[in-house]
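Asker: Got a sequence here, can you build the structure:
(chains A, B and C)
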Amino acid sequence: MEIGKRIADIILMPIVAFVIGLFMVLMLRKIAAKLQRRVGPPFFQPLIDIIKFYSKTTQVSHGLLHDIGIIMAVGGYLAAESLLPVPGMDGLSDKGGIITLTYFLMIPSLGLALGVGQCANPNGSIGISRALTAMLAYDIPFVIVIFGVAWHYGTTDLSEMISLQQAQGWGAFEMPLLALAGLFALQGMMGKQPFEIYVAPAEIATGPMVEMGGKYMGGLFVMQCFQLYTAGVLYTTLFLGGGTHWLDFLIKIFAVVAIPMMIAFTFPRYRTEDMLRLMWKWPVLAGLLGIAFVMY
Amino acid sequence: MSDLSKIPIHTEKHAPEEARTNPLAGVFDELVRFAQSRSMYMLHYCTGCGAIELPPAMTSRFDMERLGIQPMVTPRQADILLVTGYVSVKTLKRIILTYEQMPSPKYVIGICSCTVNGGMYWQSYATAKKLSEYLPVDLYIAGCMPRPEAVIEGMRALMANIQSGETEPWKDYYQRYDYYLGNQQHLFGDNWQTPTDVIGQAQHYGLAGPETEGEHTRILQQYQQPLVAHKLRLK
Amino acid sequence: MSLLDALLLTALGTLIATLATVRTRWVGYVASLGLGLQLLVLFLLAPLGYGAPAVTSGLAWDLFGQPLVLRYDAMSWYFALITLGAGLVSSVYATGAWSDHYRAAGRSPGWLQFALALNVFTMLLLLASGDFLSLFIAWELVSWASFLLMALAAGPALKWSLRYITYATAGAMSMLAALGIVFHLTGSLNYADFMAAVDQWSVGLITLLTVLFGAGFAVKMGILPFHLWQAGAYAETPGPGMAFLGAISSRMGLYGMMLVWVQLIGLIRLIEVHIPLTFLSLRDVLMWIAAFTIILPTYTALKQNDARRLLAWHGIGQGGYMLMGILSASALGSAGGILHIFNYATNQAVLLLAVFAVVYRTGTADLNKLGGLFTRMPLTFVAMLVGIIGLAGIPPMNGFVSKWMVYRSLLSEGMPLLFVASVIGTLGTILSVYKLIHNTFLGQLRLEHEPVQEAPWSMVIPMMVLALIIFLTGFMPGIVLDWVAAVQAAVGLPVLPHTLGGVADAHGGLDMIMLVLVLFAGFGVSALLFYATGRSEPVHQLDNYAGGHFLSADVRYHYSDHFYAGLMHRIGHWYRGSFLWFESVVASLASFLAQWSATFYRLMQPALPMLAMAVIVLWMVS
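Answerer: Prediction:
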């Protein structure tokens, strides 16, 4: 791949991710509204919220690390998007595969955790401790899924997985159990109900977000766009054959994000230990069974 | 009875700021004001019975989210402070603390008659009668209690005001801090202080006016143990 | 005289010079200078690290008719580099302000420096051993040198170091038994004779030798179930001493394993050994032991409330990754395991130095009594941050590269459960290192810590150097991978083809240079977006959301104790202390057997002890 194309990809991919992410946030809020028989927010609401937060006159900072945390949270995702191949753009996907991406996605979380810690609010620290525990819960089925998929395709390179799937059929049909386990993990990864104990607004005052206002909160809203986009694209890449062109790709990623959202707004919340039990039981079992089918 | 005509339903128009040199600045300001009016996160300080009218305003019957209005949890995230009922002296301290922790531009809406003039608690010794003496109130929604329609109507009025750029009482708090502080001291005593350094903020953001400091802020400085942010230091 | 002689003589000279100046104020400078000189000589030996043939020492002599051979190959050089690096950094750290503090507490920094120099010397000697006899002698020297360093602090340290030496002696006995068998079978203690004979030996014999040698090395390495001494003994060692021990000392066990299991016996033979009634080979069993060594100590670390213990337990856990990588026997996995020795040493050293800088300023390593020190000790914070990112294996630090290699090889070798086990370990690491940095540097600053200052430069500079190394070897892992490839070639493992940025592989490689550049570009754009919009103003930590409550400095508003309450609700009852129980069972059994046999001899054979006594007396008289 020539260098010019690569640079253009690296610049374009986060922008595309952000725009699509905005629409995903809109979809999320619309789904919530429809399930609750409301009208829901106007079309540009996610963007308007972000502009509003960034244009606050007074911005409350708890020190340098608070700032750096938000910079890391957004910057980490900006970089991570270039590892996720989309139709026509491969970016850096050949420089680090699925394992690298998984660990790259921890950089924003680490940044957020540092920033929240600096806020000196115990609600935030409790939120982070619960979020890390949640990560421990959903990452175990998730790595099982990663192993199964990577073993099945014999590669960790995401763009190679896509081309293999387009040749021999979607991963979801070849590895249904892993796809199911992946969907479970996805629900936890998005941090939506029933696995949003780390936010728990009425209990720990939105946990990590407790001291975030102005552009700090705006940064987190931007991060949420990337988060939804990443989750959707990752699952599509692993199981739904990526995309040949943008139309079917968009349909797939929006569908992938819509499923957990519909589940989310019809469920109440699990406690941390119940989430651990659930995540370590059914998706892990399904995943291990799936690996057994894939390998033998 | 206090003089009802003194309740500031509409604040006076501010003098327009000096002309910006950048021709796009006007468009940009317009956009920012539009965004601020269409995305209002509210912190409802449910002091009294009026709070019961907010859930219907938010949920499926009236759905505030279609106007971009959402409930939020902490003052840092919020744009509007809704005070929904009578304000006792003890509560008022918390309301002021919460208000000062909100990032500007911030708006205060007093819901119910109690915030206007004490309402049925007029004769109570422990109730602050007029919220706007202690905080710059953008809008009162009177009634006992106001229906959700009235709440939403008030919100829409606030939105219109924000978008037109006419109403900016939050600046008033910085510019006439001495006045508000004086009223607060009158109620809470001379050693009253909040963790937020309002004067410092006003100076930092260039919002200070001639009445920011005065006799009451001097009393404050006399009693205050200033909370200065920990500076990063290498030695 | 070869360069190796120069290296060993410099080390010996350092030891003597340190001993001569042990009571003076400049002992630290002497020791640091000596270690620096040794490092210089080691740099002159650098061709070894790029695959040059082994260098033999001229200082060979015979003992009991056995020639003692001293030689350095790529593996010795690689381990010696880490040893000397860790030694130098610890020694410099222990020299300036820290030593005054230590002396003021009534301790002797001179003996600490001496113990450090002694440890370095004995370890260099161990790495030079070219036959089983010199290996055993140097091994004992290393054990006793470590014991000296651990026991320096007296008090509880003495109890823990005695526990260590008990384990170490048991391990040495096991090694001695293995040596006896080898000598009996081959008639020599040469590596070459052993390698020539090993092909003919039966499966049972190979297993026996693997286990006997392995047990000896596993004690030092802290492999399950021989790990119980390590965390306590290390945690009680004075600051820089602990950093040195934690960084490299226990890896001498790994050196032994690589020597005996990989180089001399060969992993192929271990894979051929099938455990009866299972579908596992001996190699698989060892890998599973490594997996449990990753998981159990890591989750024990999660429960610690003392920063030193937390890191010491992680030291045990991270050893599992190295062992697992090396045992995977693939080019990628073994490179990952070997690379992790270097990466982990840098991470652990910087973390411990940061922790002891905090201890130096605040007087405590109790994670429930700290907090909010970021504004007071920002450079120490940076050092710890780099260290935890590395230890947790998150890009862009070097720990990610080695762990990535281990994961990637487990993936391509098709070992799903081990893969999941190693990721579980990593997740546990992330949880506990966040607890470490949060409880130390984040959250609310205590009133009594407001006057705290940044650590003195003599302590900050070693930390910064280490942090820089961690970042650079994460950015360009090829620097270290060159040495790792030479080690692989030296011990007979497949050699990993690599680039400066990592590993090139058609089915998913790694190029850290590109990734790190893009990551920092992302941070740059994000910072621009952040600083171009709305000015921010810093506020005091008490100007904080508390549901309308007025916060005051005398009431703590901070979350540190029982940090992972929800997790412990689920897994808390899985901590059973089974290994402690096992240890006490073994100890009771040993003491019971000893008593029983003594009684047996007294009752059944009263003549025998009397006869023995008579013989001794006669021998002494004559």
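
Asker: going forward, measure contacts and count neighbours with C-alpha atoms only.
Answerer: Will do.

Asker: all helices for chain A, in order.
Answerer: A:3-35, A:45-54, A:64-80, A:98-104, A:106-118, A:122-153, A:158-168, A:171-174, A:176-189, A:201-204, A:214-239, A:246-264, A:272-295 (DSSP state H).

Asker: what ranges of the stretch 1-150 of chain C fall below the confidence cut-off?
Answerer: Scanning the stretch 1-150 of chain C with the threshold set as pLDDT under 70 gives C:60.

Asker: residue of it with the smallest distance to chain B?
Answerer: Across the stretch 1-150 of chain C, the shortest distance to chain B (C-alpha to the nearest C-alpha) belongs to residue C:97, at 14.5 Å.

Asker: pLDDT weak spots in the chain?
Answerer: Assuming you mean chain A. For chain A, the ranges with pLDDT under 70 are A:1.

Asker: wrong one, chain B
Answerer: B:1-22, B:167.

Asker: Chain A contacts on that one?
Answerer: Within chain B, the positions near chain A by C-alpha under 8 Å from any C-alpha of the partner chain are B:32, B:35-36, B:38-39, B:59-61, B:63, B:65-68, B:73-74, B:76-78, B:103-105, B:205, B:229-230.

Asker: And for the residue nearest to residue A:245 when sequence neighbours are not counted, the neighbour number?
Answerer: Spatial nearest neighbour of residue A:245, excluding adjacent residues (C-alpha to C-alpha, 6 or more residues apart in numbering or on different chains): residue A:87 at 5.5 Å. Neighbours of residue A:87 under the rule other C-alpha atoms under 10 Å in any protein chain shown: 16.

Asker: I figured residue A:87 hits residue A:246, correct?
Answerer: Yes. Between residue A:87 and residue A:246 a contact is recorded at 6.2 Å, counting by C-alpha atoms under 8 Å.

Asker: check the residues of chain B next to chain A against chain C, which are close?
Answerer: B:74, B:76, B:205, B:229-230.

Asker: Any figure for the gap between the one residue in the stretch 151-296 of chain A that gets nearest to chain B and residue B:104?
Answerer: Nearest residue of the stretch 151-296 of chain A to chain B: residue A:213, at 4.5 Å (C-alpha to the nearest C-alpha). Remark: distance between residue A:213 and residue B:104 (C-alpha to C-alpha, to the nearest Å) = 10 Å.

Asker: Equivalent analysis for residue A:35, please.
Answerer: Shown here: residue A:35 relative to residue B:104, a distance of 34 Å by C-alpha to C-alpha.

Asker: next one: residue A:143
Answerer: According to C-alpha to C-alpha, residue A:143 and residue B:104 sit 44 Å apart.

Asker: which bits of the stretch 401-550 of chain C sit near chain B?
Answerer: Residues of the stretch 401-550 of chain C lying near chain B by C-alpha under 8 Å from any C-alpha: C:453-454, C:535, C:537-545, C:547-550.

Asker: Just the buried subset of the residues you listed, please.
Answerer: Among those, those buried by neighbour count (16 or more other C-alpha atoms under 10 Å in any protein chain shown) are C:453-454, C:535, C:537-545, C:548, C:550.

Asker: taking those one by one, which sit in strands?
Answerer: C:537-538 (DSSP state E).

Asker: filter the buried ones among the residues of the stretch 401-550 of chain C next to chain B down to the ones close to chain A.
Answerer: Among those, the residues that sit close to chain A (C-alpha under 8 Å from any C-alpha) are C:535, C:537-541, C:544-545.

Asker: May I have the strands that pair with the lowest-mean-pLDDT helix or strand in chain C, each with its orientation?
Answerer: Across the helices and strands of chain C, mean confidence by mean pLDDT, DSSP states H and E is lowest for strand C:61-63: a mean of 75. Note on strand C:61-63: by DSSP bridges, its sheet partners are strand C:66-68 (antiparallel).
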